[in-house]
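Student: The following comprises the amino acid sequence and a computationally predicted model.
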Amino acid sequence: MQQEASVRAEAPSKAAIQFRQGSAIRQLWETNLEVFQRDRMALFGLFIFAVFAIVAIFAPQIAPNNPLTPLKNNEGDWIKDAMPYWLAEPGEDEAEGYSNTFLLGTTNIGRDIYSQLIHGSRSALLVGFSAAAAVAVIGTVVGLLAGYYGGWVDAVLMRAADVAFGIPFIPFIIVISAFMDPSIWNVVVAMAVLLWRDTGRVIRSQVLVIKEQAFVSAARVSGASDLRIIFVYIAPSILPLSFLYGSFAIAWAILTEASVSFLGFSDPETISWGFMLQDAFNSLALSREAFYWIVPPGLCIMLTVMAGFFIGRGYEEVLFPRLRRM
Amino acid sequence: MSILSIRDLKVEYATQDGAVEAVDGVSLNVAEGQHLGLIGESGCGKTTLLKAIVQVLPRNGRVSGGKIMFKGMDLMQLPAAEMRQLRWREIATIPQASMDSLNPVQRVGSQLMKLLRVRGGFDKRAARRRAVDLFDMVGLDTERLMHYPHEFSGGMKQRAVIAMALALEPSLLIADEPVTALDVIVQHQILEVLRELEEELNLTVMLITHDISVVAQVCDSVAVMYAGRIVEQAAAEPFFASPAHPYSLGLQQAFPNLARPRDVLVSIEGYPPDLREPPAGCRFAERCPFVQEACKEHDPRLEIVGDNRLAACLRTNEMDALRVQAEDPTLWQHVEVAQLVGQPPPKSPPTGQCLRDPIAMERDLNAPPLAANSVETLPLPDASDARHRDGGKGPGGGVDDILLEMRDVSKRFKIGGGLAGLLRGDKEQTVYAVNNISFTLRRGESLGLAGESGCGKSTTGKLLVKLLDASDGEIVFAGEELSGVDDKDLLAFRSRVQLMFQNPFEALNPRFTLYRSLTEPLIIHGWKDENERTQRVVETLDRVNLRPAEVFLDKYPHQLSGGQLQRVVLARALVLHPDFLVADEPVSMLDVSVRAGILNTTRRLARELGLATVYISHDLSLLQYTCDRIAIMYLGEIVEIGPSDEVINNPQHPYTQALIAAVPVPDPTVENPPLRIREGVPRPTEQFAGCPFAQRCPEVMEACLSVRPPLIADERAHQAQCHLYGEHHKSPKLNHDGAAPR
């Protein structure tokens, strides 16, 4: 019998065993893959992010001019309010002493709008992804701890979440900006401090459900430690949920950064789409019908936010299959 | 004159992999006043048949052939509006789990009256009168009309649902699993209501269930479904006396019967055929012990085999001989049962005799050593050690054999407290889940814990495996008190004590392969060598009859059937070779046909490995089958304990007597005695001056209300915690109504 068993034991191949060992990570990968295979919209969102990511990385190479330096004509004056070359009347540029190569024209102090747009993707993605990562990580950890340990850990964390829910978001950022140097990181900090609340709550409730399932009790009866149960048994089941909230947080962060910049609480040395909008608004671009100044940053904000929500929606469909019918 | 007549009905479900004929050529007649029981395992098409009759098939289902005639009307041809009129007025249904279908935000009475007024055309006053009558009829207090569903117990909700179904005086009532998921006492009361109503109203009833004993109690005829077809149809008495189809034979043998306990129950091995590609021959052929070559080629038709009996089997003319053969359980379950049969009857203590069986002997080589404090010493104890351990143990053995001792253990939960409760102003309440229970368990012994839901039996199970810590009292395992163990000792304890869960579909991590699930305990207990782990996993899968084991390693839980999953759960419990196993309702979620298989495997392995077992179940017949001793729990206390046969055959405590009287017997000639106990378990937050059972007890005496009955002192003997057997037995009796204290 012993011998027989050992003979049998050799039957599963080495490869099969290794395959099995990697299964947790593989499954997570498969879940992510499924999201994008199932949902064209999510794939489209991913595509948008990819495009913006490439633009952001190669911004200095793509942008024809420095976005902050006012451009000057032959006489050393700023090229103010130049129209895009495809709109400007031919010959006007030569009369003013420069050659109009500006895809989207210039601002009222002679900055190249197209270059600003390109550089704006950097702060958008930087804020978006770092805020999303902060929100997802903090929220997930809080949710896991509160849900798993319960008792006073849960009470403290969830009351903290209640407090976070009670603080109005935009005013909070304004206050933070008032105390700190203006920087796009204010938005990230504010989101990390406040917005983990939603993720934390949802993940906690999910953990409460999973924790009561028999396979978790079985692990405990087998002697698994708390950490092992949290990270081997529970975390893989709720990670897609973190991704879901993470992708929504990307969109929120970009929107928030735009709002804060538009309100004028951003760093004037960092170009962002929100800052561009504020700049345009302050210099009365609207009344001059300079749509080429206003629409492109608006469009970019819209696209990245949409991309975030598309991906989020894809996760939702995989996580909550009932949505698919609607 | 038949009220419902189904001819050659076919129902098809469109699925991703093509059409599935869930009902395939069913013909059935239900005569007026007949009470037909439709039995079969899950997935055999019972519920689909019901849905086809009332035409509420899901969107992907359709009737693809045949006729359903109701009172001369062809239901298939009936316009939708008329069909709607027919439902509830003529054909009333009690769907599965219908007690959860009451609207939680409306009073039960107004739901009932709304139905009467909208569907029945009653005016307000007539509806109220009728509602009162209906509640009376199903045995509900008419004050209850004003209550909301959450104020009802499960049994009361089911009564209300029956009242609603009967509100418009239908001529046909179809009930789908009306008593499943109810406690045995409530189940008994609901069946009684059904039985009374059948007589009173001359109802025609079609009862769909997997439980043949329910059918025996309320039906006068039986139809057995298997894989979308009816395989046998007969009057109840001849059906239970002499089934005419091998599947019916198997079902009967699979059912534990308190009145006539069997030494070995059978399980019908294998699984129903895949209906996407039904076999050419008999659909039961693959699982049939009497299969012949012809069965695989010829599809038997439902034919008349005697007086008013139909069966679909090629060997019906040999059935008398086959019935005799079927009595031999080895016929059904070859290896497993052979081992159980070759041993002393289940009730006697396990002895070294199992070593007679060569397979068992080899298996015993793997039994764990006694003092397995570190896991490294676990594998390969020598044979003499195992044999030594196996000899001379059991209930009669010495004190050294005590593996586990519970001493006055209590578990209390606080509810409504905490910060949120404080802010809301809720009063903190204490739930007394387990109250001062004591018992001992010897090595290799099996103890059953029984009682209604909420009696604390599952909590006791969790205390035993230290999923919960006791509030009071001591639990001593292998000489060590558990409350103060440090982490290292706790890990050692964890390797020796395991739990088997009720719901196999939840007990395994859906993200893990079976290999991963089974290897986890080994990793946790420090088995470093991958090959050794794999070897142990394969060996354990083999032990629980999942063969060949390699096939299962890379499967995920959702790819297995419930019975297979429960075997995996058992394998995971045994992979560390524990000394003690707690099985919490191990088969209640499984189909009858595979239950016995799981129980037999568990019993066999417990014997082979010298495992002490605690079975937790509401099903007394199951416990009688598997356990040496039974303890009956009520409101967190053990009210009676003793050797299984004695507790079942000679119950002392009035509560035990009621529990046993309530178990339906799978024999239509035996009618259950009426229950004398009152409905309604008190809240577990109540504290009692006297006996906690006094409120419901038919034998209640004055002393019961004020004096606690003495605790069970010597639990080895058969004892009950009741004044009837103590110094107060001459205390004046109270009548039943005066018994309600406070």
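Tutor: Arrived safely, thanks for sending. Residues are numbered from 1 along each chain as shown, chains lettered A, B, ... in the order given.
Student: Flag the shaky bits of chain A, pLDDT-wise.
Tutor: When residues are selected by pLDDT under 70, those of chain A lie in A:1-28, A:319-326.
Student: What is the burial count for B:Leu508?
Tutor: Neighbouring residues of B:Leu508 were enumerated by other Cβ atoms under 10 Å in any protein chain shown; the total is 27. Just so you know, the C-beta spots here come from the backbone N, C-alpha and C atoms, and that holds for glycine as well.
Student: List the contacts of it.
Tutor: Taking Cβ atoms under 8 Å, 6 or more residues apart in numbering or on different chains as the criterion, B:Leu508 is in contact with A:Phe215, A:Ala218, B:Leu514, B:Ser517, B:Pro557, B:Leu565, B:Val568, B:Val569, B:Arg572.
Student: Leaving aside the residues adjacent along the chain, what's closest to it?
Tutor: Here the nearest residue to B:Leu508 in space, its sequence neighbours aside, is B:Pro557; by Cβ to Cβ, 6 or more residues apart in numbering or on different chains that works out to 4.3 Å.
Student: can you give me phi and psi for B:Val138?
Tutor: Reported as degrees, to the nearest 10, the phi and psi values for B:Val138 are phi -90, psi 10.
Student: show me what contacts it?
Tutor: Neighbouring residues of B:Val138 by Cβ under 8 Å, 6+ apart: B:Arg159, B:Ala160, B:Ile162, B:Ala163, B:Leu166, B:Val193, B:Leu197.
Student: The helix or strand where A:Glu317 lies packs against which elements?
Tutor: A:Glu317 belongs to helix A:291-319 when elements are defined using DSSP states H and E. Counting contacts by 3 or more Cβ pairs under 8 Å, 6 or more residues apart in numbering or on different chains; DSSP states H and E, helix A:291-319 packs against helix A:23-38, helix A:40-57, helix A:113-149, helix A:235-262, helix A:273-282.
Student: Of those, which is nearest B:Gly526?
Tutor: Put simply, out of the helices and strands packed on helix A:291-319 the one that sits nearest B:Gly526 is helix A:23-38, at 20.3 Å, with distance taken as Cβ to Cβ.
Student: what residues does the stretch 101-250 of chain A put near chain B?
Tutor: When proximity is defined by Cβ under 8 Å from any Cβ of the partner chain, the stretch 101-250 of chain A lies next to chain B at A:155, A:159, A:213-215, A:217-225, A:228, A:232-233, A:236-237.
Student: remind me which residues of chain B are low pLDDT?
Tutor: Using pLDDT under 70 as the threshold, the predicted model of chain B has low-confidence ranges B:1, B:333-400, B:416-426, B:679-680, B:713-716, B:735-742.
Student: Geometric centre of it: which residue is closest?
Tutor: By Cα atoms, centre = their mean, the mean C-alpha position of chain B lies nearest to B:Ser588, the distance being 3.5 Å.
Student: Chain neighbours aside, what residue packs nearest to the residue of the stretch 201-326 of chain A found nearest chain B?
Tutor: Among the residues of the stretch 201-326 of chain A, A:Gly223 lies nearest to chain B; the distance is 3.3 Å by Cβ to the nearest Cβ. Counting by Cβ to Cβ, 6+ apart, A:Gly223 lies nearest to B:Arg494, which is 3.3 Å off, once chain neighbours are set aside.
Student: try A:Ala134
Tutor: Once flanking residues are discounted, A:Ala134 sits nearest to A:Ala192: 3.7 Å by Cβ to Cβ, 6+ apart.
Student: what's the answer for B:Val161, then?
Tutor: Going by Cβ to Cβ, 6+ apart, B:Val161 has B:Ser98 as its nearest residue, at 4.8 Å.
Student: check contacts around that neighbour.
Tutor: Remark: with contacts taken as Cβ under 8 Å, 6+ apart, B:Ser98 is in contact with B:Gln158, B:Val161, B:Asp176, B:Pro178.
Student: B:Leu463 versus the residue lying closest to the first one once chain neighbours are set aside, what's the distance?
Tutor: Looking back up the chat, that one is B:Gln158. Across the structure, with Cβ to Cβ, 6+ apart as the measure, the residue nearest B:Gln158 apart from its sequence neighbours is B:Met99 (4.8 Å). The spacing between B:Met99 and B:Leu463, counted by Cβ to Cβ, to the nearest Å, is 31 Å.
Student: Filter the residues of the stretch 101-250 of chain A next to chain B down to the buried ones and hand me the ChimeraX line.
Tutor: Typed into ChimeraX, the next command selects the buried ones out of those (criterion: 16 or more other Cβ atoms under 10 Å in any protein chain shown):
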select /A:213,214,215,217,218,219,220,221,222,223,224,228,232,233,236,237
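Student: and residue 281, how many residues sit next to it?
Tutor: Going with chain A. Burial of A:Phe281 is recorded as 14 neighbouring residues (other Cβ under 10 Å).
Student: actually it's chain B I care about, not the one you picked
Tutor: Close neighbours of B:Gly281, defined as other Cβ under 10 Å, add up to 19.
Student: Kindly provide the distance from it to B:Leu249.
Tutor: With distances defined as Cβ to Cβ, the gap from B:Gly281 to B:Leu249 amounts to 19 Å.
Student: How about B:Asp554, nearest residue that isn't a chain neighbour?
Tutor: Leaving out its chain neighbours, B:Asp554 is closest to B:Thr513 (Cβ to Cβ, 6+ apart), at 5.3 Å.
Student: Tabulate the CA atom coordinates of stretch B:550-562 in CSV.
Tutor: Below are the C-alpha coordinates for stretch B:550-562, written out as CSV (Å, rounded to 0.1, in the frame of the first residue of the first chain):
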residue,chain,number,x,y,z
GLU,B,550,-4.9,12.3,-9.5
VAL,B,551,-7.9,13.2,-11.6
PHE,B,552,-9.2,15.3,-8.7
LEU,B,553,-6.0,17.2,-7.9
ASP,B,554,-6.4,20.0,-10.4
LYS,B,555,-10.2,20.3,-10.2
TYR,B,556,-11.9,23.3,-8.7
PRO,B,557,-14.8,22.9,-6.3
HIS,B,558,-17.5,24.0,-8.8
GLN,B,559,-16.5,21.1,-11.1
LEU,B,560,-17.6,18.5,-8.5
SER,B,561,-21.0,17.2,-7.3
GLY,B,562,-22.2,17.8,-3.8
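Student: before we move on, back to that, correct me, but the residue nearest to A:Gly223 touches A:Ala219?
Tutor: No. Judged on Cβ atoms under 8 Å, B:Arg494 makes no contact with A:Ala219 at a distance of 10.3 Å.
Student: Which helix or strand contains the closest residue in space to B:Val670 that isn't next to it in sequence?
Tutor: Counting by Cβ to Cβ, 6+ apart, B:Ala259 is the residue found nearest to B:Val670 once chain neighbours are left out, at 6.2 Å. Taking DSSP H and E as the criterion, no element holds B:Ala259; it sits outside all helices and strands.
Student: how near is B:Ala259 to chain A?
Tutor: Summarising the geometry, the distance separating B:Ala259 from chain A, computed by Cβ to the nearest Cβ, to the nearest Å, is 34 Å.
Student: again, but for B:Val594
Tutor: With the distance defined as Cβ to the nearest Cβ, B:Val594 ends up 19 Å from chain A.
Student: for the residue of the stretch 601-742 of chain B at minimum distance from chain A, helix, strand, or coil?
Tutor: Minimum separation of the stretch 601-742 of chain B from chain A (Cβ to the nearest Cβ) falls at B:Glu608, amounting to 12.2 Å. For B:Glu608, the reduced secondary structure class is helix; criterion used: DSSP: H, G, I helix; E, B strand; the rest coil.
Student: Can you say which helix or strand has whichever residue of the stretch 151-300 of chain B sits closest to chain A in it?
Tutor: Of all residues in the stretch 151-300 of chain B, B:Ala181 sits closest to chain A, at 17.9 Å by Cβ to the nearest Cβ. Element membership for B:Ala181, per DSSP H and E: none, as it lies in no helix or strand.
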